[in-house]
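Undergrad: My questions are about this predicted structure, shown below with the sequence.
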Amino acid sequence: MRTFALGIALWIALAGCSEQQKPAAKPPAGKPADIAAGKAVAAANCAACHGLDGRGVAPGIPHLAAQRERYLFESLKEYRDGKRTHAALKEMASRLSETDTRNVLAYYASLPPLPAAAPTDVKLSSPYQEGKALAERCFGCHGEDGNSRTPGIPSLAGQQPHYLVNAIREYHQGERRTASMKEMLRDASRSDLEKLALYFAAQKPAKRPPPPFGDPVAGKPLSAMCGGCHGANGVSADAGTPSLAGQDPQYLLNAIKAYRTSRQHWGMQRYVAGLGDREAEHLAAFYATQERGAADVIPSSARELAEKCNRCHDADDKATVAMPKIRGQDKDYLIMALRAYRDDRRESSAMHRMSSVYSNAIIEDIASYYAAQPAQ
């Protein structure tokens, strides 16, 4: 399993498009395209969604104005061949003649770039900064840096981000019974929770002194079973499994006891059922005294990340691979496309590998950045 940090690292490593890709198909050769005829084809077949000026008429519909002709041709071919799913586009791509296809794509490619819109929902602050603002309501109990100083209150600093998102949702759903947590952030979206988790994941856990109960040395052999999920010495490598190292010892002890009674998890319930109270104290003491670093790094800004994407998407149009222009593209369409690549619903091994670790918050941030850029 990968953490958000791995997501950023892979972005930087892979966004340069170092993977060898097959050359894009080219529009069929022949006499030059007839732009006027292409406009007539567009008016009859495309304008209802993409406009005669090449602007998508609703959120989620891509702009086609000034787009690379080879990319448009490759995209239409993928719809025709079923590599991309859209019933209307598949039907149209199968119905248009070779000449009509060449003319309409040349028409849209010949249009001037659309003037930059002034989207009201584009955010250019980083997910980390937005997460810090959301996290402020947690500071009173969990500490500004996520290091709890109150016995029984868990530390969030350096915790695995996906685990934090899932934990908050468990409180909302009543699977964990804490009244204050049940109402906290109830109206936050999944993307908001990811941003909050990203902030806490990037904080450094504080080193803890030995707790007033239990023996860390005696607790180490008891941790052998736990290491299979929570990692050696409680440092989890799984973004969905919590790290236990450096956690508040009273919280750990309370959690072990809760699995005996009210907290549901078949694996945890099975293991803690065989622990006596004294052994539980030893185990909590062991994990509380272990050290770990942050589960994530403070992410780069969307602009810095986008510089890597620009190696392909801002490449000269003479490049052999058909990469779309994405500056000034519709934000909702970019979000949909990136999620489709991430979830392996759209074919591109390079894009899937690069985006497979992106949270929705990262995808939204990148899409917002590009949507706000002047089209070229």
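TA: That came through fine. Residues are numbered from 1 along each chain as shown.
Undergrad: wait, what's in contact with residue 250?
TA: By Cβ atoms under 8 Å, 6 or more residues apart in numbering, residue 250 lies in contact with 151, 152, 211, 284. The C-beta positions use only the backbone N, C-alpha and C, and glycine is treated the same way.
Undergrad: ok, now which ones touch the third one?
TA: Contact partners of residue 211, counting by Cβ under 8 Å, 6+ apart, are 249, 250, 284, 285, 288, 289.
Undergrad: quick one: low-confidence ranges for the stretch 51-200 of the chain?
TA: 116-126 (pLDDT under 70).
Undergrad: ok so, going back, can I get the buried part of the contacts of residue 211 as one PyMOL selection?
TA: One line in PyMOL is enough to select the buried ones among the contacts of residue 211; burial here means 16 or more other Cβ atoms under 10 Å:
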select buried, resi 249+250+284+285+288+289
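Undergrad: re the thing from before, so which of the contacts of residue 250 is the closest to residue 260?
TA: Residue 260 has its nearest neighbour among these in residue 284, at 13.8 Å by Cβ to Cβ.
Undergrad: Was I right to think that closest one contacts residue 218?
TA: No: using Cβ atoms under 8 Å, residue 284 and residue 218 do not qualify as a contacting pair, with a distance of 11.3 Å.
Undergrad: If we go by neighbour counts, what in stretch 41-60 is buried?
TA: For stretch 41-60, the buried set under the neighbour-count rule, 16+ other Cβ under 10 Å, comprises 41, 42, 45, 46, 50, 51, 54, 55, 56.
Undergrad: and if you look at stretch 130-137?
TA: 130, 131, 132, 134, 135.
Undergrad: which residues sit in contact with the last one?
TA: Read that as residue 135. 146, 196, 199, 200.
Undergrad: Against which helices or strands is the host helix or strand of the last one packed?
TA: Looking back up the chat, that one is residue 200. Assigning secondary structure by DSSP states H and E places residue 200 in helix 190-201. For helix 190-201, the contact count by 3 or more Cβ pairs under 8 Å, 6 or more residues apart in numbering; DSSP states H and E identifies helix 4-14, helix 127-135, helix 161-172, helix 360-371 as packing neighbours.
Undergrad: Comparing the ones you listed, which comes out most buried?
TA: The highest average neighbour count among the helices and strands packed on helix 190-201, using mean count of other Cβ atoms under 10 Å, belongs to helix 360-371 at a mean of 23.
Undergrad: Using CSV, list the CA coordinates for that one.
TA: These are the backbone C-alpha positions of helix 360-371, laid out as CSV (Å, rounded to 0.1, in the frame of the first residue of the first chain):
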residue,chain,number,x,y,z
ASN,A,360,-9.2,13.2,-4.7
ALA,A,361,-7.7,16.3,-3.0
ILE,A,362,-4.6,16.1,-5.1
ILE,A,363,-6.5,15.6,-8.3
GLU,A,364,-8.8,18.5,-7.6
ASP,A,365,-5.8,20.7,-6.8
ILE,A,366,-4.1,19.9,-10.1
ALA,A,367,-7.3,20.3,-12.1
SER,A,368,-7.9,23.7,-10.5
TYR,A,369,-4.4,24.8,-11.4
TYR,A,370,-4.7,24.0,-15.1
ALA,A,371,-8.3,25.3,-15.4
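Undergrad: tell me what that helix is packed against?
TA: Using 3+ Cβ pairs under 8 Å, 6+ apart as the contact criterion, the neighbours of helix 360-371 among helices and strands are helix 127-135, helix 190-201, helix 302-313, helix 331-342.
Undergrad: Now do the third one: which elements does it pack against?
TA: Read that as helix 302-313. Other elements packing on helix 302-313 under the criterion 3+ Cβ pairs under 8 Å, 6+ apart are helix 4-14, helix 360-371.
Undergrad: Next, format the contacts of residue 250 as CSV and append distance to residue 255 and secondary structure.
TA: Putting those into CSV (distance: Cβ to Cβ, whole Å; DSSP: H, G, I helix; E, B strand; the rest coil) gives the following:
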residue, distance to residue 255, secondary structure
151, 13, coil
152, 10, coil
211, 14, coil
284, 9, helix
